[in-house]
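>>> Fold the following for me, if possible:
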Amino acid sequence: MKWFEELGFDYNPFSTESEFAAQFAVGLDEAARELLYFVKSADMAFVEGSKGTGKSVLLHKLAQQSPMAVYFDCAAQPLDVKRLLMRKSNWLKRLFGYLPTGVVLLLDNANNLPQREMDIIKYYYDNNFVASVVFSAGGLRRAKLSKGIIDRIGGRVIKLRQLDEEDAILMVSNRLGSYASLLPAEVVRAIFKEAKRDNSTFLQLCEKVCSEAVNAKAKQASEEHLKAALEKQSGVSGQAAAA
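Sure thing, here's the model as predicted:
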């Protein structure tokens, strides 16, 4: 039995899956409101931020609020805009190849998109098949979007900040709910320091520390449990390097 099952959870509360994380996001409320405004205004927008700042989480959060939104990770597979739009067509429109209208495209990790697909996005947007487009990447300049796309984005760039300690403590509390006392604030701060402000690393380390504590039958995690988790992590990394 996994540590979180022993506590009565049906799922890992520290899952790094973006769709799951969107339910417990912290520090993104203002950005989410701004982005939703852009989408409702039928604009193009860009979300930028370093690794672990919540770009994917923010896009998934928006997808949960917008019935016509389609999320796509451009780093996972090649982008095919027409096929993506068809996801929002009913079976009859798909049968005859008709494109839907009013679709919101949420394009994550939108670096180095093919020129052809950017031209298609621009065409569908200008002709109202696509109501709004949101791109995300580490930075607008580094994304290498076409001039036509950049012109349509204009000044609608949302810059995400890195997680801070108070955000981290609140995130743990939200995820653990009635078991929030399992990870005291001082241990969360120590984990946060080890994670170097990277959201995914922070969540993974929280999971390992909780696992150490529950397996040791402790009511609260301590920095000793963090030390044990880091030692195991270091050992696994060393074995992987040797292999």
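>>> give me the low-pLDDT residue ranges for the protein?
90-97, 235-243 (pLDDT under 70).
>>> show me where the chain has strands.
Residue ranges of the strands in the chain, as given by DSSP state E, are 44-48, 69-73, 103-108, 130-137, 157-159.
>>> how long is stretch 155-163 end to end?
24 Å (C-alpha to C-alpha, to the nearest Å).
>>> List the buried residues for that stretch?
156, 158, 160, 162-163 (16 or more other C-beta atoms under 10 Å). For every residue, glycine as well, the C-beta is placed using N, CA and C.
>>> just stretch 117-137 next, same as before
Going by neighbour count (16+ other C-beta under 10 Å), the buried part of stretch 117-137 is 117-118, 120-122, 124-125, 129-137.
>>> Pick out the most distant pair among these.
Within those, F129 and A137 form the most distant pair, 23.3 Å apart (C-beta to C-beta).
>>> So which of the buried residues of stretch 117-137 is the closest to L107?
Nearest to L107 among the buried residues of stretch 117-137, with distances taken as C-beta to C-beta, is F135, at 5.1 Å.
>>> pretty sure the closest one is in contact with K144, am I right?
No: using C-beta atoms under 8 Å, F135 is not in contact with K144; the gap is 11.1 Å.
>>> which residue packs closest to N112, ignoring adjacent ones?
The shortest distance from N112 to any non-neighbouring residue, by C-beta to C-beta, 6 or more residues apart in numbering, is to K144 (5.5 Å).
>>> Ok, A137 next?
A143 (4.1 Å).
>>> Could you check how far that neighbour is from V39?
19 Å (C-beta to C-beta, to the nearest Å).
>>> what does S66 give?
Relative to V39, and taking C-beta to C-beta, S66 is found at 6 Å.
>>> What residues does A168 make contact with?
188-189, 191-192, 202 (C-beta atoms under 8 Å, 6 or more residues apart in numbering).
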